[in-house]
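Asker: fold the stuff below for me.
(one chain, ligands or ions: 1)
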Amino acid sequence: MPRHFLIMGPPQAGKGTQAQLLAERFSLLHLATGNLLREISQEHSERGRKVSDFLARGEYVPDDLVTNLVIERMNAHDVLLDGYPRTVAQAETLEDLGIRVDRVLVLNVPEADLLQRAAERLTCPQCGAIFSLTIDPPKVPWICDVCGNGLAQRLDDAPATVQHRLKVYVKRSEPVVQWYLSRGLVEFVDGRGSIADVQSQLVAAVAVFYVAARPQESPDSVALGVGKDRGN
Ligand SMILES: [Zn+2]
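Answerer: Numbers count the residues shown, from 1 in each chain. The predicted structure is shown next:
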C-alpha cells in the first residue's frame, strides 16, 4: 500500500525546504499542487488551457479538476502532498475515493517568529537567493554570495502583509487540520528551530511508517525512527 503524507504550514515557515528534504529522504513523490498546476497549465491540451485560465484570473482551480490531477499524479507512489487537500471538501473526496492519508504534518510557527523572520530576510532580486540577517547572513553585508548583486528586503515581508497572509492561512487551513485531528492523524511539528531540527522531527514522524514495513532498506532511517536524530 502506498503511503500518503500531507504537509501544512504557514507561509514562509520553511515548508517548501522541509518538504523537499523529507521527500528525498523517504523517496516520496513531492506533490506540490502549486507546481503541478503551473506545469499542467503549460500543456497544449483542453485541461491545460482550463487550468491556465483559472491561474491567469487568480482563481482557485475547481475541486474536481484539482482532485483528478492530483490522483492521476499520485499513481501508486508514496506521496508527500503539499497544498492538497486544501479544503474539508477535498479531504472528504479523498476519503470517499478510498485514498488514505497516513499522517498530516503541521508545521507550527508563532506569528511573532514569522514576523521576525520576515523582517530579517534579504532576497537577491537577480538570482532569487535568500539570506537572513542573523541566521544565514551573506559573506559581504547586503551582497549576494551567489551572483554578487545587491540584496533587498521584499515588500511582501512587510509586517502587515505577513500578518494578512497568516490570517488567510489560518482561516483556510484550520478546518482541514480540525478534520484530520478528529481522525487522529495530525502530528504537530515545532517549526521554530534550525532546518535540521525541524527536519528531524518530520523524519521521526514519517519513519515510524517505514521501520516496521521494510527495516532492511534504510538502516539510517530505522535508527531515527523514534526521534533520535538530535545533533545531526
Ligand atoms: Zn544573487
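
Asker: can you give me the strands for this protein?
Answerer: Chain-ordered strands for the chain, with DSSP state E as the definition, fall at 4-8, 29-32, 79-82, 103-108, 121-123, 130-132, 186-190.

Asker: what residues does this structure put near the ion?
Answerer: 124, 126-127, 129, 144, 146-147, 149 (C-beta under 5 Å from the ion). All C-beta atoms are positioned from the backbone trio N, CA, C, and that covers glycine.

Asker: now these: which count as buried?
Answerer: Neighbour counting over the residues of the chain next to the ion (16 or more other C-beta atoms under 10 Å) leaves 124, 129, 144 as the buried ones.

Asker: dump the residues you listed to a markdown table, plus pLDDT and distance to Leu97.
Answerer: As requested, these are arranged in a markdown table below (pLDDT from 0 to 100; distance: C-beta to C-beta, whole Å):
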| residue | pLDDT | distance to Leu97 |
| --- | --- | --- |
| Cys124 | 95 | 43 |
| Ala129 | 93 | 41 |
| Cys144 | 96 | 46 |
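
Asker: so which of these comes closest to Gly9?
Answerer: Ala129 (21.7 Å; C-beta to C-beta).

Asker: now for the closest one: which residues touch it?
Answerer: Neighbouring residues of Ala129 by C-beta atoms under 8 Å, 6 or more residues apart in numbering: 123, 144-147.

Asker: mind running it again at 6 Å?
Answerer: Neighbouring residues of Ala129 by C-beta atoms under 6 Å, 6 or more residues apart in numbering: 144, 146.

Asker: against Cys144, how distant is it?
Answerer: Computed with C-beta to C-beta, to the nearest Å, the distance linking Ala129 and Cys144 is 5 Å.

Asker: what distance do you get for the nearest residue to Gly34 once chain neighbours are set aside to Leu36?
Answerer: For Gly34, ignoring the flanking residues on the chain, the nearest one in space by C-beta to C-beta, 6 or more residues apart in numbering is Gly83 at 5.5 Å. The spacing between Gly83 and Leu36, counted by C-beta to C-beta, is 8 Å.

Asker: about what we covered before: want to try TSV for the strands of the chain, with mean pLDDT, mean neighbour count and distance to Gln20 as columns?
Answerer: As requested, the strands of the chain are arranged in TSV below (pLDDT from 0 to 100; neighbours: other C-beta atoms under 10 Å; distance: least, C-beta to C-beta, whole Å):
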stretch	mean pLDDT	mean neighbour count	distance to Gln20
strand 4-8	97	24	10
strand 29-32	95	19	6
strand 79-82	96	24	9
strand 103-108	97	20	14
strand 121-123	92	19	19
strand 130-132	90	16	14
strand 186-190	97	17	15
